[in-house]
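J.: give me a model of this one.
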Amino acid sequence: MNATTVRACTAFADARRLAAGAVRDVARAVRLHLDAHPDASVLVFDNATACPVEFDLRGTVDDIAARFDETAGAHADADALEPSARPRGPGRPKLGVTAREVTLLPRHWDWLAAQPGGASVTLRKLVEAASRAAQGPDRRREAQEAAYRFMSAMAGDAPGFEEAARALFAADAVRFATLTQPWPADVRDFARELARAAFGMTPPSADAPSPTPEAVA
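T.: Now for the predicted structure:
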């Protein structure tokens, strides 16, 4: 995963949590650590998805920070141009809706036409309701996938890995906690953070991970 698309991440040096937070700061910490320990093995994970994150570590620490600042500035400029910088055409302003073709059976169109507000309003309400109803299952599935992705990368050889994975997908929080207890503390804790929503618990903000040790230089 390209670091420019990540909001927050966590770096591990072997089984130890090295740094966590904004990608710019984590990249600097990783570079400092590798300068001091050239043979170290460092893996970086997106805090939201646990997808691996790749950094461009060329140049000095200041060069790395400057590249992130430049990218952030470019994104801000692009956002500033949308949509206000575009010339406005005649007619009513668009309210953020997008026209797409929808194929339905005649009886569906008849039902939609009979609803207050017409077909478009009714379809939007139905989609919103379905989206809200799916949030819980979607969040659990995403948490399961993220936790398993991280566990496979960092704890695939750890005792009880397969049983812990089964507990994760079975939403058995107690068994998952028991089976991950012997794992290295930082690996165990990050796996549990990622898995919280899989057990119906509120996950920590991806942008504000729990306190971590200072990066080792």
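J.: from now on I want contacts and neighbour counts done on CA atoms only, so please keep to that.
T.: OK.
J.: wait, F176 sits on E162?
T.: No - F176 is beyond contact range of E162, at 10.5 Å (criterion: Cα atoms under 8 Å).
J.: just want the most central residue of the protein.
T.: What sits nearest the mean C-alpha location of the chain, by Cα atoms, centre = their mean, is A48, with 2.5 Å.
J.: doesn't that one fall inside a helix?
T.: No - the assignment for A48, made by DSSP: H, G, I helix; E, B strand; the rest coil, is coil rather than a helix.
J.: any idea how far it lies from D69?
T.: Relative to D69, A48 is positioned 22 Å away (Cα to Cα, to the nearest Å).
J.: longest helix in the protein, please.
T.: helix 118-155 (DSSP state H).
J.: so which elements touch that one?
T.: Other helices and strands packing on helix 118-155, by 3 or more Cα pairs under 8 Å, 6 or more residues apart in numbering; DSSP states H and E, are helix 106-113, helix 161-169, helix 185-195.
J.: could you pull up the mean pLDDT of it?
T.: Taken as a whole, helix 118-155 has an average pLDDT of 84.
J.: same check on stretch 188-203?
T.: Averaged across stretch 188-203, the pLDDT comes to 92.
J.: which residues are contacting that stretch?
T.: 47-48, 50, 139-144, 146-147, 150-151, 168-169, 171-173, 177, 180-181, 204 (Cα atoms under 8 Å, 6 or more residues apart in numbering).
J.: where does the protein dip in pLDDT?
T.: Applying pLDDT under 70 to the chain flags residues 1-3, 72-96, 129-136, 203-217.
J.: returning to that earlier point: any chance of a PyMOL selection covering the buried ones in the contacts of stretch 188-203?
T.: Buried members of the contacts of stretch 188-203, defined by 16 or more other Cα atoms under 10 Å, are picked up in PyMOL with:
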select buried, resi 47+48+50+139+140+141+142+143+144+146+147+150+151+168+169+171+173+177+180
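J.: can you add distance to A11 and give the helices and strands packed on helix 118-155 back as a markdown table?
T.: Putting these into a markdown table (distance: least, Cα to Cα, whole Å) gives the following:
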| stretch | distance to A11 |
| --- | --- |
| helix 106-113 | 51 |
| helix 161-169 | 21 |
| helix 185-195 | 11 |
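J.: between these, which one is closest to T4.
T.: T4 lies closest to helix 185-195 among the helices and strands packed on helix 118-155, at 21.2 Å (Cα to Cα).
J.: by how many degrees do that closest one and helix 161-169 diverge?
T.: 30 degrees (axes from the mean of the first three to the mean of the last three Cα atoms, to 10 degrees).
J.: and helix 185-195, what's buried?
T.: Buried, per 16+ other Cα under 10 Å, within helix 185-195: D186, V187, R188, D189, F190, A191, R192, E193, L194, A195.
J.: next, the angle helix 118-155 makes with that helix.
T.: Using the same axes, to 10 degrees: helix 185-195 against helix 118-155 is 160 degrees.
J.: can you show me the CA trace of helix 185-195 as PDB?
T.: Output in PDB follows, covering the C-alpha atoms of helix 185-195 (Å, rounded to 0.1, in the frame of the first residue of the first chain):
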ATOM      1  CA  ALA A 185       3.100  -8.100  24.000                       C
ATOM      2  CA  ASP A 186       3.100  -5.500  21.200                       C
ATOM      3  CA  VAL A 187       2.000  -8.000  18.600                       C
ATOM      4  CA  ARG A 188      -0.700  -9.300  20.900                       C
ATOM      5  CA  ASP A 189      -2.000  -5.900  21.800                       C
ATOM      6  CA  PHE A 190      -2.100  -4.600  18.200                       C
ATOM      7  CA  ALA A 191      -3.900  -7.700  17.000                       C
ATOM      8  CA  ARG A 192      -6.500  -7.200  19.800                       C
ATOM      9  CA  GLU A 193      -6.900  -3.500  18.800                       C
ATOM     10  CA  LEU A 194      -7.600  -4.500  15.200                       C
ATOM     11  CA  ALA A 195     -10.000  -7.200  16.300                       C
END
